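# model this:
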Amino acid sequence: MLIFRQLFDASSSTYTYLLGDRLSGEAVLIDPVFEQTRRDAALLYELGLQLRWTLETHVHADHVTGAWLLRDRTGSRIALSCHGGAKGADRLLEHDDRVVFGERYLEVRATPGHTNGCLTYVLDDQSMAFTGDCLLIRGCGRTDFQQGDAATMYRSVHEQIFPLPGNCLLYPAHDYRGLTVTSVDEERAWNPRLGGDSSVGDFAGYMKNLGLPHPKKIDVAVPANLNCGQPAEGLADAGDPHWAALTFTFGGIWEIQPHVLEEAGERVQVIDVRQPEEFDGSLGHIRGARLIPLDQLAARSGDIDAGRPVVAVCRSGTRSAQAVVMLQRAGFSEVANLAGGMLRWRAEGCAVEGGAA
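Now for the predicted structure:
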């Protein structure tokens, strides 16, 4: 069974696609974004997937790829077009290559026109394809810089994408209107630039008169992406917490495991956000924990030492996850949720005060 997720980076309007083979647990990511590597790694972990490949549809001009960071964190490998000009990839892809993950594979189709190194990835059963900036939803990528050529793009679309089955779903690298997916039949019929009876001359005239502004991040993104997104030395883990070994969840919360919190000792302040009867009830509480019920936390956040890391605790980890969000809004930067709450704390044999035997 195929696992499929469409992810979005709002700042660059970039879609990242996760495809996983449930049986083997192997996965690929298409067009990962540098700032979203924590999110992507968390999703892989929560779905029980091992990332085998990060794939680029092209050398992007609007965001920096997360490929290098993901390789550093997960051991994945980087693949992109042999015509992209990038250094540091583990594999340079050519037309008709296959990228295998478990029992599934993506077929590589060269679709230049936006750049020389543009690729479209077609799933083995041709039920979906990932078109990058070559074909967007009722549009296409620009052809006025970075080796762009309108006639080449026209041929790429009409020779490599439009011949796919009509019900093949097409997933672009970007959308700026909130649209998520289209199909070959739709774009053949309704794409105002490339569909219907449009000729290569019609398309070239359309693209010549787009008048688009220069991409905002091009001066940073292109050089970085020609290095597969490798950051400057010392920046690979920039922004990651160093006060404890934490796990970032797909829900956007930093979590600490019970044994890690127990080892941290007094370096960390524990805020229990349950009600008083729970704090003194059958589960007991963590030694040294301070009781501030969740419904009082916003008003009393000023009573918490902002100079020491904070761990929020509740029965199961649900209310304390909300406590983390509230504390972050209040300006706390070093804050985490106890994974599994007091239920997990007790189940793992960690020390408690009070509670039932």
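# helices of the chain, residue ranges please.
With DSSP state H as the criterion, the chain has helices at 37-46, 67-74, 150-156, 184-190, 200-208, 218-225, 258-264, 276-279, 294-300, 318-329, 341-347.
# list the buried residues of the second one.
Just to be clear, that refers to helix 67-74. Ala67, Trp68, Leu69, Leu70, Arg71, Arg73, Thr74 (16 or more other CB atoms under 10 Å). All C-beta atoms are positioned from the backbone trio N, CA, C, and that covers glycine.
# contacting residues for the second one?
Applying CB atoms under 8 Å, 6 or more residues apart in numbering to Trp68 gives the contacts Ile78, Gly88, Asn227, Cys228, Gly229, Gln230, Pro231.
# distance of the residue nearest to the spatial centre of the chain from Arg315?
Centroid-nearest residue in the chain, with CA atoms, centre = their mean: Asp40, separated by 3.8 Å. For Asp40, the distance to Arg315 equals 30 Å [CB to CB, to the nearest Å].
# and for Val324?
On the measure of CB to CB, Val324 and Arg315 end up 15 Å apart.
# who has more neighbours, the two?
More crowded of Val324 and Arg315, by other CB atoms under 10 Å: Val324, with 24 against 18.
# return the residues in contact with Asp90.
Asp90 touches Arg71, Arg77, Ile78, Ala79, counting by CB under 8 Å, 6+ apart.
# bridged to the third one, which residues?
What that stands for is Ile78. Here Ile78 shows beta-bridge partners Thr54, assigned using DSSP bridges.
# wait, Thr143 touches Tyr154, no?
No - the criterion here is CB atoms under 8 Å, and Thr143 misses it with Tyr154 at 9.4 Å.
# so what sits against both of those two?
Common contacts of Thr143 and Tyr154 (CB under 8 Å, 6+ apart): Gly113.
# hmm, back to that, would you turn the contacts of Trp68 into TSV with neighbour count, pLDDT and distance to Cys350?
Formatted as TSV, the contacts of Trp68 follow (neighbours: other CB atoms under 10 Å; pLDDT from 0 to 100; distance: CB to CB, whole Å):
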residue	neighbour count	pLDDT	distance to Cys350
Ile78	23	98	40
Gly88	14	95	43
Asn227	16	94	44
Cys228	25	96	42
Gly229	28	95	39
Gln230	21	93	40
Pro231	16	87	37
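# circling back: nearest to Gly166 among the buried residues of helix 67-74?
Ranked by distance to Gly166 (CB to CB), the buried residues of helix 67-74 are led by Ala67 at 32.6 Å.
# quick one: that closest one and Glu187, what's the gap?
Ala67 is 28 Å from Glu187, where distance means CB to CB.
# who's in contact with the closest residue to Arg91 other than its chain neighbours?
Nearest residue to Arg91, sequence neighbours excluded (CB to CB, 6 or more residues apart in numbering): Ala79, at 4.2 Å. Going by CB under 8 Å, 6+ apart, Ala79 touches Trp53, Thr54, Leu55, Glu56, Ala89, Asp90, Arg91, Leu92, Leu93, Val99.
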